[in-house]
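Trainee: predicted coordinates and the sequence they were generated for:
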Amino acid sequence: MSKRYTFRKFINDVHLWLGLASGLVLFVVCLSGTIYTFSDEIQELLDPSKYKALHVAEQERMPVDTLIERVRTQHKGPLVYATIPDDPDRAYVISVRQRPADKWGTAYYVDPYSGQLQGNGDTRSAAFFLWVMNLHRWLLMRESGGMLIVGVATLIFVILSFTGLILWIPKKFKGWKRGLTIKFRSNGKRLNHDLHNTLGFYAMPLLLIMALTGLCWSFEWYSKGVSQLIGAEVWGEYYAKPLRSKPSKGRPTVSINPLLSEVKDRSNHQGVTFIRFPKDSSGVLVAEKTHNGAFTLAAVDKFTVDQYTGQVIKADRFKDRSAGEQLVSMVRPLHIGSVYGLASKILYFIACLIATSLPITGCIIFLNKLR
């Protein structure tokens, strides 16, 4: 007499076959995500002098406008952005668009004390991590359905997480300890099962956060559904009607130094100020102040400024937003692990390593059952 087909057996089959179907894609996506986690730190480690500012005690930093003019004098082109850290030991970054198709331009690292250019962002390491990002998001197939493949695989991963949790729950109470520990002295078959079962359980909360936020890039229907659920629009700033400056004939654009003082007064915390320059004569200056620190929430205060008058058209401080608006503004930090600075990035890195191993240990479990 054949065994009864139980609910647990059904969940096991769903977990098995979906895992086999998506395993290769998930392995590539998770591995590339693991590598990219510390991309900024690795690039700085490879070329530390570019990122550091050399100064002596009580030495004043040069005005940002002066530094911007120096970069533009040497490298012709419209300004794209500038990064101004509060940390006195950090270099400024000023980006100039020298090729029309280059959205973010070329970033130049400037010592704010001497005005010396210390290098640019066109490095082999930067090119490598850009390649890793393209692999992670589109499997290097941006125009050929890569995003759809990654999105479907991510949806499958969410299903695998919940089916895996159901399979992890022991049938008997005494089995709880077995599901929470790894017996490193057991045979290879049992050890591999523990590595898949136990490590997957511990990493699941962070992996689900990564998957559920990552889907916001893959599917418009998903991001709209999340927006309705939370009560705040995901990527709302990209769909909102753009604010405009009031062009004034013959009137120059405002200086950046007063703008930085304005941002400091309105957003009084340590961090990095990121300034986006207007694309045309009616565009606006956008200043974003990011909270900075190894254990600090990566909250952003955003100020939209008229490029001619310096007037703040819109002040959007993180603490003034609703809970839903705060949450949707955190989609990217929640996905890449920077939500609580270095501390959360370390946890995400470990979780990503585990996620990369799951397709491998899962396939080994399947092969062991076949034998």
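Mentor: Yep, it's here.

Trainee: give me the residues contacting stretch 43-62.
Mentor: The contact list for stretch 43-62, computed with Cβ atoms under 8 Å, 6 or more residues apart in numbering, reads 88-92, 109, 111-115, 118-119, 123, 125-126, 129. The C-beta positions use only the backbone N, C-alpha and C, and glycine is treated the same way.

Trainee: same check on stretch 319-336?
Mentor: With Cβ under 8 Å, 6+ apart as the test, stretch 319-336 has contacts from 36-37, 209-210, 213-214, 216, 226-227, 230-234, 236, 298-300, 318, 339, 348.

Trainee: show me where the stretch 251-371 of the chain has its strands.
Mentor: 271-276, 284-291, 300-306, 312-316 (DSSP state E, counting those that start in this stretch).

Trainee: using TSV, lay out the ones you listed together with distance to Gly146, mean neighbour count and mean pLDDT.
Mentor: Shown next, in TSV, are the strands of the stretch 251-371 of the chain (distance: least, Cβ to Cβ, whole Å; neighbours: other Cβ atoms under 10 Å; pLDDT from 0 to 100):
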stretch	distance to Gly146	mean neighbour count	mean pLDDT
strand 271-276	28	20	93
strand 284-291	29	21	91
strand 300-306	29	21	93
strand 312-316	33	15	92
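
Trainee: can you add distance to Glu58 and give those strands back as CSV?
Mentor: Compiled in CSV, those are given as follows (distance: least, Cβ to Cβ, whole Å):
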stretch, distance to Glu58
strand 271-276, 22
strand 284-291, 25
strand 300-306, 29
strand 312-316, 32
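
Trainee: buried residues in stretch 129-138, which are they?
Mentor: Phe129, Val132, Leu135, His136, Arg137, Trp138 (16 or more other Cβ atoms under 10 Å).

Trainee: next one: that stretch to chain centre, how far?
Mentor: Mean-position distance between stretch 129-138 and its chain equals 12 Å (Cα atoms, centre = their mean, to the nearest Å).

Trainee: now it - C-alpha only, PDB.
Mentor: Extracted C-alpha coordinates of stretch 129-138, given in PDB (Å, rounded to 0.1, in the frame of the first residue of the first chain):
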ATOM      1  CA  PHE A 129      31.900  46.500  -9.100                       C
ATOM      2  CA  LEU A 130      29.800  48.100 -11.800                       C
ATOM      3  CA  TRP A 131      30.000  44.800 -13.700                       C
ATOM      4  CA  VAL A 132      29.100  43.000 -10.400                       C
ATOM      5  CA  MET A 133      26.000  45.300 -10.000                       C
ATOM      6  CA  ASN A 134      24.900  44.600 -13.600                       C
ATOM      7  CA  LEU A 135      25.300  40.900 -12.900                       C
ATOM      8  CA  HIS A 136      23.300  41.200  -9.700                       C
ATOM      9  CA  ARG A 137      20.400  43.200 -11.200                       C
ATOM     10  CA  TRP A 138      20.200  42.000 -14.800                       C
END
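
Trainee: point out where the stretch 101-250 of the chain drops to low pLDDT.
Mentor: By pLDDT under 70, the low-scoring segments of the stretch 101-250 of the chain are 249-250.

Trainee: quick one, helices of it?
Mentor: Along the stretch 101-250 of the chain, the stretches classed as helices by DSSP state H, counting those that start in this stretch are 124-138, 146-168, 176-180, 188-218, 220-230, 236-239.

Trainee: and the fifth one with helix 188-218, angle?
Mentor: Here helix 220-230 runs at an angle of 90 degrees relative to helix 188-218 (axes from the mean of the first three to the mean of the last three Cα atoms, to 10 degrees).
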